[in-house]
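In: Predicted structure and sequence below. I'll ask about it afterward.
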Amino acid sequence: MKTIAVLTSGGDAPGMNAAIRAVVRTGLEKGFKVMGVQRGYSGLINGEIFEMGRYSVADIIQRGGTILRTARSEEFKTEAGRIKAVNILKAFGIDGLVVIGGDGSFKGARELSKMGINTIGLPGTIDNDLAYTDYTIGFDTALNTVLDAINKLRDTSSSHERVSIVEVMGRNCGDIALFAGIAGGAESVIIPEKEFDVNLLCRKVLEGKNRGKLHNLIILSEGVGGAQALKKKIQEVTGIETRATVLGHIQRGGSPTAADRILASRLGARAVELLEQGKSSRVVGVRGNEVVDFEIEEALAMESKFNEELYNIANILSY
Ligand code: F6P
């Protein structure tokens, strides 16, 4: 194999740039020609491909977003789109591709590998929703962004003695909410993995107030949603002024944390090593601080194990 390429796909995540840098520099060190594909699979179909040198990735390790841009491509989901993509890859002499993204992007990588392109996936998503890896690139930064917001909301909530609902991202995975809830000392965490009872929540709010709590922070995962309706209900039942803040895309931006930069660098380097070994259709991740890799199909079929221990800690410490 002589030429490899890298692309970012799906929602951007802080640390994607650090991963691109690691792929490019490890690739060059191993004697590959390295190409960058712009705008994910959509750019691949359109041939938006350029050569990347050592200095094309200088000064990006600290930057959020992705210098390669990203997209969600409907055309690539069709067979005709994928045939176009493979033809483009062949035209550019690319035989190995590193895809940085989430589960949808990995499915695309798996399809390309079936069509003869060696593909390796890196987990780039703030959601931390990939069961095969303990952490995804971008999760730690998003978590710290949420934590910063919670700290600020706590100040204003305490001053006004209000309830504050903070809705956070994560699709159907409650990790951002759960981790931020523990780190931010939230009173309640509402996540898709656990049933929640609004009456119990209201009772908890009132009991907190009776014990002298000045504020009440509720972290609500977008997978449950309904921040405004919940705010209305809490106000009606408890009589306590309540505000809802939906953090939205602010969680996806910002300079990556040290943890995300290091994770991205380690996983990016491993992706190139796997391509060098002629491996394909694999995804790289981390388990217990060890870099690991699995067959894509196997990784996507793994069931997420919900972290009951963390959930219990969140509940015990919130009283
Ligand atoms: O997967 C990352 C993510 O930010 C999710 O947490 C969120 O549900 C979704 O992407 C938002 O997507 P978009 O940027 O297309 O609105």
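Out: Sure, I can see it. Numbering: from 1, shown residues only.

In: drop to CA atoms for contacts and neighbour counts, all remaining ones
Out: Will do.

In: which bits of the protein sit near the ligand?
Out: Gly11, Thr125, Ile126, Asp127, Met169, Gly170, Arg171 (CA under 6 Å from any ligand atom).

In: one more time with 5 Å
Out: Gly11, Met169, Gly170, Arg171 (CA under 5 Å from any ligand atom).

In: Tell me which stretches of the stretch 151-300 of the chain form helices.
Out: 175-183, 198-210, 227-238, 258-276, 296-301 (DSSP state H, counting those that start in this stretch).

In: what's the most buried one of these?
Out: Most buried of the helices of the stretch 151-300 of the chain, by mean neighbour count (mean count of other CA atoms under 10 Å): helix 175-183, with a mean of 25.

In: Tell me where the protein is predicted with low confidence.
Out: 1 (pLDDT under 70).

In: all strands in it, in order from the N-terminus.
Out: 3-8, 33-37, 49-51, 96-101, 118-123, 163-168, 188-190, 216-221, 242-246, 282-287, 290-295 (DSSP state E).

In: per-domain residue ranges of this protein.
Out: The record's domain parsing of the chain by automatic domain parsing lists 3-138+256-301, 141-252.

In: Which one, of the ones you listed, ends up nearest to Ile313?
Out: domain 141-252 (7.6 Å; CA to CA).

In: Just the residues contacting stretch 147-159, thanks.
Out: Val163, Ser164, Val166, Ala180, Ala183, Gly184, Leu214, His215, Asn216, Leu217 (CA atoms under 8 Å, 6 or more residues apart in numbering).

In: Which positions in that stretch come out as buried?
Out: Taking 16 or more other CA atoms under 10 Å as the neighbour-count basis, stretch 147-159 is seen to contain the buried residues Leu147, Ala149, Ile150, Asn151, Leu153, Arg154, Ser157, Ser158.

In: just stretch 157-174 next, same as before
Out: Neighbour-count burial for stretch 157-174 flags 157-158, 161-171, 173-174 (criterion: 16+ other CA under 10 Å).

In: With stretch 40-52 instead?
Out: Neighbour-count burial for stretch 40-52 [16+ other CA under 10 Å]: Gly40, Tyr41, Ser42, Gly43, Leu44, Ile45, Gly47, Glu48, Ile49, Met52.

In: Redo the residues of the chain next to the ligand as a markdown table? Include distance to Glu273.
Out: Listed next are these as a markdown table, based on distance: CA to CA, whole Å:
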| residue | distance to Glu273 |
| --- | --- |
| Gly11 | 26 |
| Met169 | 33 |
| Gly170 | 30 |
| Arg171 | 32 |
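
In: nearest to Ala80, of these?
Out: Distances from Ala80 to those, taken by CA to CA, are shortest for Gly11, at 23.7 Å.

In: what residues are up against that closest one?
Out: Taking CA under 8 Å, 6+ apart as the test, what Gly11 contacts is Thr70, Ala71, Arg72, Gly101, Thr125.

In: Now Ile313. Nearest residue, chain neighbours left out?
Out: Nearest in space to Ile313, with sequence neighbours left out and distances taken as CA to CA, 6 or more residues apart in numbering, is Ile182 at 7.6 Å.

In: quick one, helices of the stretch 1-150 of the chain?
Out: So, for the stretch 1-150 of the chain - with DSSP H, counting those that start in this stretch - the helices run 16-29, 40-45, 79-91, 103-114, 139-160.

In: helices and strands around the third one, which ones?
Out: By that I understand helix 79-91. On a contact count with 3 or more CA pairs under 8 Å, 6 or more residues apart in numbering; DSSP states H and E, helix 79-91 meets helix 40-45, helix 103-114.

In: Can you check what angle separates that helix from strand 96-101?
Out: 130 degrees (axes from the mean of the first three to the mean of the last three CA atoms, to 10 degrees).

In: mind checking how far helix 79-91 is from the chain centre?
Out: Remark: helix 79-91 is offset 27 Å from the chain centroid, using CA atoms, centre = their mean, to the nearest Å.
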